[in-house]
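Engineer: build me a model:
(one chain, ligands or ions: 2)
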Amino acid sequence: MAYTVIVPAAGQGKRMNAGANKQFLNIQAVPLIVRTLQIFENDEACQAMIVVANKDEIIEMKRLFTDYGLSKVTALVPGGQERQESVYAGLSEIKQTEGVVLVHDGARPFVRPEEIRRLVAEVGETQGAVLATKVKDTIKKGSREQIVTETLARDELWAVQTPQAFSYKLLKKAHDVAKKKAFTGTDDAGLVEHIGGRVRLIPGNEENIKLTTPYDIGIAEMILEKRKEDEDENRARF
Ligand SMILES: Nc1ccn([C@@H]2O[C@H](COP(=O)(O)OP(=O)(O)OP(=O)(O)O)[C@@H](O)[C@H]2O)c(=O)n1
Ligand SMILES: C[C@](O)(CO)[C@H](O)COP(=O)(O)O
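Structural biologist: Ligands and ions are numbered 1, 2, ... in the order given. Okay, the predicted model is just below:
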(Lines give C-alpha, C1' and ligand atoms only; values in the text may rest on other atoms or scores of the structure.)
(Ligands and ions follow the chains in the order given, each with its own letter.)
Protein backbone atom coordinates (compact mmCIF):
# COMPACT_ATOMS: atom_id res chain seq x y z
CA MET A 1 0.00 0.00 0.00
CA ALA A 2 1.29 3.44 -0.96
CA TYR A 3 2.15 5.94 1.76
CA THR A 4 3.71 9.32 2.51
CA VAL A 5 6.33 9.52 5.26
CA ILE A 6 6.96 12.47 7.57
CA VAL A 7 10.50 12.45 8.96
CA PRO A 8 11.03 14.73 11.98
CA ALA A 9 14.72 15.74 12.07
CA ALA A 10 14.41 19.11 13.80
CA GLY A 11 15.75 18.13 17.21
CA GLN A 12 18.93 19.37 18.85
CA GLY A 13 20.52 15.99 19.58
CA LYS A 14 21.54 17.22 23.03
CA ARG A 15 21.94 13.74 24.51
CA MET A 16 24.29 12.80 21.67
CA ASN A 17 26.60 15.54 22.82
CA ALA A 18 28.13 15.91 19.35
CA GLY A 19 28.23 19.71 19.34
CA ALA A 20 25.78 19.73 16.40
CA ASN A 21 22.48 18.13 15.44
CA LYS A 22 23.10 14.37 15.35
CA GLN A 23 21.21 14.14 12.03
CA PHE A 24 24.43 15.31 10.32
CA LEU A 25 26.71 12.84 12.12
CA ASN A 26 28.49 10.47 9.77
CA ILE A 27 27.80 6.83 10.52
CA GLN A 28 30.41 4.94 8.51
CA ALA A 29 30.82 7.91 6.16
CA VAL A 30 27.10 8.54 5.50
CA PRO A 31 25.11 11.16 7.45
CA LEU A 32 22.50 9.72 9.81
CA ILE A 33 19.56 11.52 8.15
CA VAL A 34 20.66 10.27 4.73
CA ARG A 35 20.80 6.67 5.95
CA THR A 36 17.25 7.00 7.27
CA LEU A 37 15.85 8.65 4.12
CA GLN A 38 17.54 6.11 1.82
CA ILE A 39 15.32 3.39 3.31
CA PHE A 40 12.20 5.21 2.04
CA GLU A 41 13.83 6.38 -1.19
CA ASN A 42 14.33 2.68 -2.01
CA ASP A 43 10.88 1.56 -0.94
CA GLU A 44 8.54 1.46 -3.93
CA ALA A 45 5.46 1.99 -1.76
CA CYS A 46 6.79 5.33 -0.51
CA GLN A 47 5.31 8.10 -2.66
CA ALA A 48 6.73 11.14 -0.91
CA MET A 49 9.02 12.11 1.97
CA ILE A 50 8.32 15.23 4.01
CA VAL A 51 11.36 16.21 6.04
CA VAL A 52 11.16 18.53 9.03
CA ALA A 53 14.40 20.34 9.87
CA ASN A 54 15.68 23.18 12.02
CA LYS A 55 15.20 26.51 10.26
CA ASP A 56 18.93 27.23 10.19
CA GLU A 57 19.79 23.73 8.91
CA ILE A 58 17.49 23.71 5.89
CA ILE A 59 20.17 24.73 3.38
CA GLU A 60 22.58 22.05 4.68
CA MET A 61 19.84 19.41 4.52
CA LYS A 62 18.86 20.41 1.00
CA ARG A 63 22.47 20.03 -0.09
CA LEU A 64 22.54 16.48 1.31
CA PHE A 65 19.37 15.57 -0.60
CA THR A 66 21.01 16.71 -3.84
CA ASP A 67 24.35 15.05 -3.09
CA TYR A 68 22.75 11.70 -2.26
CA GLY A 69 20.04 11.81 -4.95
CA LEU A 70 17.09 11.73 -2.55
CA SER A 71 14.44 12.39 -5.17
CA LYS A 72 11.32 11.61 -3.13
CA VAL A 73 11.67 14.58 -0.76
CA THR A 74 8.68 16.71 -1.77
CA ALA A 75 8.84 19.16 1.14
CA LEU A 76 11.46 20.37 3.60
CA VAL A 77 9.85 22.45 6.34
CA PRO A 78 10.98 24.10 9.58
CA GLY A 79 10.12 22.28 12.80
CA GLY A 80 9.03 23.39 16.25
CA GLN A 81 10.27 23.33 19.83
CA GLU A 82 8.94 19.81 20.47
CA ARG A 83 8.86 16.73 18.25
CA GLN A 84 5.06 16.89 18.25
CA GLU A 85 5.11 20.40 16.73
CA SER A 86 7.62 19.26 14.13
CA VAL A 87 5.38 16.37 13.08
CA TYR A 88 2.43 18.78 12.90
CA ALA A 89 4.44 21.06 10.60
CA GLY A 90 5.08 18.08 8.31
CA LEU A 91 1.46 16.99 8.44
CA SER A 92 0.34 20.46 7.37
CA GLU A 93 2.22 19.96 4.08
CA ILE A 94 -0.02 17.05 3.06
CA LYS A 95 -2.82 18.21 0.78
CA GLN A 96 -4.18 14.76 -0.11
CA THR A 97 -6.63 13.84 2.68
CA GLU A 98 -6.96 10.19 1.71
CA GLY A 99 -4.25 7.61 2.19
CA VAL A 100 -1.70 6.41 4.70
CA VAL A 101 0.86 8.55 6.52
CA LEU A 102 3.91 7.21 8.34
CA VAL A 103 5.89 9.16 10.93
CA HIS A 104 9.49 8.04 11.30
CA ASP A 105 12.29 9.55 13.41
CA GLY A 106 15.21 10.87 11.38
CA ALA A 107 17.36 9.23 14.05
CA ARG A 108 16.24 5.63 13.31
CA PRO A 109 18.28 4.45 10.31
CA PHE A 110 17.75 0.68 10.67
CA VAL A 111 14.08 -0.06 10.00
CA ARG A 112 13.74 -2.78 7.38
CA PRO A 113 11.45 -2.63 4.30
CA GLU A 114 9.61 -5.81 5.33
CA GLU A 115 8.81 -4.25 8.71
CA ILE A 116 7.36 -1.19 6.95
CA ARG A 117 5.23 -3.48 4.77
CA ARG A 118 3.86 -5.39 7.77
CA LEU A 119 3.10 -2.11 9.52
CA VAL A 120 1.30 -0.44 6.61
CA ALA A 121 -0.82 -3.56 6.02
CA GLU A 122 -2.42 -3.09 9.43
CA VAL A 123 -3.59 0.51 8.95
CA GLY A 124 -7.29 1.18 8.59
CA GLU A 125 -9.50 4.28 8.63
CA THR A 126 -9.81 4.03 12.41
CA GLN A 127 -6.76 1.96 13.31
CA GLY A 128 -3.12 2.97 13.47
CA ALA A 129 -0.13 0.66 13.81
CA VAL A 130 3.27 0.98 15.49
CA LEU A 131 6.41 -1.14 15.45
CA ALA A 132 7.38 -2.31 18.90
CA THR A 133 9.37 -4.95 20.78
CA LYS A 134 8.45 -6.78 23.94
CA VAL A 135 10.20 -5.37 27.00
CA LYS A 136 12.99 -7.61 28.32
CA ASP A 137 13.77 -5.93 31.63
CA THR A 138 11.53 -5.80 34.67
CA ILE A 139 10.00 -2.32 34.74
CA LYS A 140 9.24 -0.66 38.05
CA LYS A 141 7.57 2.63 38.85
CA GLY A 142 9.37 4.81 41.35
CA SER A 143 8.47 7.76 43.57
CA ARG A 144 10.37 11.06 43.52
CA GLU A 145 12.41 9.67 46.42
CA GLN A 146 13.32 6.69 44.20
CA ILE A 147 11.31 4.19 46.17
CA VAL A 148 9.60 1.49 44.14
CA THR A 149 5.84 2.04 44.05
CA GLU A 150 4.89 -0.70 41.61
CA THR A 151 6.27 -3.51 39.45
CA LEU A 152 4.48 -3.47 36.12
CA ALA A 153 3.20 -6.65 34.45
CA ARG A 154 5.93 -7.29 31.89
CA ASP A 155 3.84 -9.42 29.58
CA GLU A 156 1.76 -6.32 28.79
CA LEU A 157 4.73 -4.00 28.14
CA TRP A 158 6.10 -3.02 24.72
CA ALA A 159 8.90 -0.63 23.80
CA VAL A 160 7.49 1.41 20.97
CA GLN A 161 9.50 2.50 17.92
CA THR A 162 8.81 4.33 14.70
CA PRO A 163 7.57 4.18 11.95
CA GLN A 164 4.08 4.72 13.27
CA ALA A 165 1.38 4.52 10.60
CA PHE A 166 -2.11 5.99 10.40
CA SER A 167 -4.74 7.06 7.92
CA TYR A 168 -4.20 10.76 7.21
CA LYS A 169 -7.62 11.58 8.68
CA LEU A 170 -6.98 9.81 12.00
CA LEU A 171 -3.53 11.32 12.48
CA LYS A 172 -4.68 14.83 11.53
CA LYS A 173 -7.64 14.66 13.90
CA ALA A 174 -5.39 13.42 16.73
CA HIS A 175 -2.90 16.25 16.18
CA ASP A 176 -5.63 18.88 15.84
CA VAL A 177 -7.27 17.80 19.12
CA ALA A 178 -3.90 17.65 20.92
CA LYS A 179 -3.08 21.17 19.73
CA LYS A 180 -6.46 22.52 20.78
CA LYS A 181 -6.30 20.89 24.22
CA ALA A 182 -2.56 21.50 24.70
CA PHE A 183 -2.09 17.76 25.14
CA THR A 184 1.49 16.52 24.72
CA GLY A 185 2.49 12.96 23.95
CA THR A 186 5.91 11.43 23.43
CA ASP A 187 4.80 9.72 20.21
CA ASP A 188 2.06 10.09 17.59
CA ALA A 189 0.24 6.96 18.71
CA GLY A 190 -0.17 8.65 22.09
CA LEU A 191 -2.20 11.41 20.45
CA VAL A 192 -4.37 8.88 18.60
CA GLU A 193 -4.93 7.00 21.87
CA HIS A 194 -5.92 10.31 23.47
CA ILE A 195 -8.88 10.63 21.07
CA GLY A 196 -9.90 7.01 21.67
CA GLY A 197 -8.28 5.67 18.49
CA ARG A 198 -7.13 2.07 18.20
CA VAL A 199 -3.43 1.38 17.72
CA ARG A 200 -2.10 -2.07 16.85
CA LEU A 201 1.32 -3.21 18.10
CA ILE A 202 3.36 -4.85 15.35
CA PRO A 203 6.34 -6.88 16.56
CA GLY A 204 9.46 -5.20 15.18
CA ASN A 205 13.20 -5.66 15.45
CA GLU A 206 15.60 -4.66 18.22
CA GLU A 207 17.96 -3.30 15.58
CA ASN A 208 15.55 -0.44 14.86
CA ILE A 209 17.24 1.73 17.49
CA LYS A 210 16.96 5.49 17.86
CA LEU A 211 20.45 6.97 17.95
CA THR A 212 20.16 8.98 21.14
CA THR A 213 23.45 8.90 23.11
CA PRO A 214 27.11 8.40 22.05
CA TYR A 215 26.80 4.75 23.12
CA ASP A 216 24.35 4.21 20.25
CA ILE A 217 26.99 5.12 17.66
CA GLY A 218 28.95 1.99 18.59
CA ILE A 219 25.78 -0.10 18.38
CA ALA A 220 24.97 1.43 14.96
CA GLU A 221 28.42 0.54 13.65
CA MET A 222 28.01 -2.99 14.94
CA ILE A 223 24.63 -3.34 13.18
CA LEU A 224 26.15 -2.09 9.91
CA GLU A 225 29.05 -4.56 10.21
CA LYS A 226 26.66 -7.42 10.92
CA ARG A 227 24.46 -6.51 7.93
CA LYS A 228 27.51 -6.34 5.69
CA GLU A 229 28.70 -9.76 6.87
CA ASP A 230 25.21 -11.22 6.26
CA GLU A 231 25.13 -9.75 2.74
CA ASP A 232 28.61 -11.11 1.94
CA GLU A 233 27.60 -14.53 3.24
CA ASN A 234 24.41 -14.53 1.13
CA ARG A 235 26.34 -13.43 -1.95
CA ALA A 236 28.89 -16.20 -1.43
CA ARG A 237 26.10 -18.77 -1.07
CA PHE A 238 24.33 -17.92 -4.39
N1 LIG B 1 11.65 19.65 18.27
C2 LIG B 1 11.96 18.47 17.74
C3 LIG B 1 12.53 17.44 18.53
C4 LIG B 1 12.86 16.23 17.94
N5 LIG B 1 12.67 16.07 16.62
C6 LIG B 1 13.08 14.82 15.96
O7 LIG B 1 12.42 13.71 16.55
C8 LIG B 1 13.24 12.54 16.49
C9 LIG B 1 13.32 11.83 17.84
O10 LIG B 1 13.83 12.71 18.81
P11 LIG B 1 15.16 12.53 19.71
O12 LIG B 1 15.87 11.31 19.44
O13 LIG B 1 14.77 12.84 21.08
O14 LIG B 1 16.07 13.67 19.07
P15 LIG B 1 16.54 15.04 19.66
O16 LIG B 1 15.36 15.81 20.15
O17 LIG B 1 17.36 15.62 18.57
O18 LIG B 1 17.47 14.58 20.87
P19 LIG B 1 17.70 15.28 22.28
O20 LIG B 1 16.40 15.11 23.05
O21 LIG B 1 18.82 14.50 22.87
O22 LIG B 1 18.06 16.72 22.04
C23 LIG B 1 14.62 13.01 15.99
O24 LIG B 1 14.77 12.57 14.65
C25 LIG B 1 14.57 14.50 16.14
O26 LIG B 1 15.35 15.22 15.19
C27 LIG B 1 12.08 17.08 15.84
O28 LIG B 1 11.90 16.92 14.65
N29 LIG B 1 11.75 18.27 16.44
C1 LIG C 1 8.63 8.44 18.99
C2 LIG C 1 9.64 7.63 19.74
O3 LIG C 1 10.77 7.38 18.94
C4 LIG C 1 9.02 6.28 20.07
O5 LIG C 1 9.92 5.51 20.79
C6 LIG C 1 10.08 8.31 21.01
O7 LIG C 1 8.98 8.42 21.88
C8 LIG C 1 10.73 9.65 20.78
O9 LIG C 1 11.13 10.13 22.03
P10 LIG C 1 12.13 11.33 22.29
O11 LIG C 1 11.60 11.99 23.53
O12 LIG C 1 12.05 12.21 21.11
O13 LIG C 1 13.46 10.71 22.54
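
Engineer: what lies in contact with stretch 11-25?
Structural biologist: 9, 31-33, 53-54, 57, 60-61, 64, 79, 83, 86, 106-107, 211-214, 216-217 (Cβ atoms under 8 Å, 6 or more residues apart in numbering). In short, each C-beta sits where N, CA and C put it, glycine included.

Engineer: now do stretch 183-199
Structural biologist: 82-84, 87, 103, 126-130, 160, 162, 164, 166, 170-171, 173-175, 177-178.

Engineer: picking that back up, among the contacts of stretch 11-25, which lie within strands?
Structural biologist: Those of the contacts of stretch 11-25 mapping onto strands are Pro31, Ala53, per DSSP state E.

Engineer: give me the pLDDT for the residue of the chain found nearest ligand 1.
Structural biologist: Per Cβ to the nearest ligand atom, Gly11 is where the chain lies closest to ligand 1, at 2.0 Å. Note on Gly11: pLDDT of 98.

Engineer: up against ligand 1, what does this protein have?
Structural biologist: Within the chain, the residues that sit near ligand 1 (Cβ under 6 Å from any ligand atom) are 8-15, 23, 52, 79-83, 86, 105-107, 210, 212.

Engineer: filter those residues to the buried ones?
Structural biologist: Restricting the residues of the chain next to ligand 1 to buried positions leaves 8-11, 13, 23, 52, 79, 83, 86, 105-107, with burial counted as 16 or more other Cβ atoms under 10 Å.

Engineer: if we can go back for a sec, near ligand 2, from the contacts of stretch 183-199?
Structural biologist: Intersecting the contacts of stretch 183-199 with the contacts of ligand 2 gives Arg83, Val160, Thr162 (criterion: Cβ under 6 Å from any ligand atom).

Engineer: can you list the buried residues in stretch 205-224?
Structural biologist: Applying 16+ other Cβ under 10 Å to stretch 205-224 flags Glu207, Asn208, Ile209, Leu211, Asp216, Ile217, Ala220, Ile223, Leu224 as buried.

Engineer: can I get the ones next to ligand 2 among the contacts of stretch 183-199 in TSV including distance to Phe238 and pLDDT?
Structural biologist: Shown next, in TSV, are those (distance: Cβ to Cβ, whole Å; pLDDT from 0 to 100):
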residue	distance to Phe238	pLDDT
Arg83	42	98
Val160	36	98
Thr162	33	98
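
Engineer: of these, just say which sits nearest to Ile27.
Structural biologist: Thr162 (17.6 Å; Cβ to Cβ).

Engineer: what helix or strand does that closest one sit in?
Structural biologist: Thr162 belongs to strand 158-167 when assigned by DSSP states H and E.

Engineer: tell me the helix or strand right after that strand.
Structural biologist: Per DSSP H and E, the first helix or strand lying C-terminal to strand 158-167 is helix 168-181.

Engineer: what's the average pLDDT for the helix or strand following that next one?
Structural biologist: Downstream of helix 168-181, the next assigned helix or strand under DSSP H and E is helix 188-194. In this model, helix 188-194 has an average pLDDT of 98.

Engineer: and helix 188-194, what's buried?
Structural biologist: Asp188, Ala189, Gly190, Leu191, Val192.

Engineer: which strands and helices lie in contact with the lowest-mean-pLDDT helix or strand in the chain?
Structural biologist: Taking mean pLDDT, DSSP states H and E as the measure, helix 214-237 is the helix or strand of the chain with the lowest mean score, a mean of 94. For helix 214-237, the packing partners by 3 or more Cβ pairs under 8 Å, 6 or more residues apart in numbering; DSSP states H and E come out as strand 26-27.
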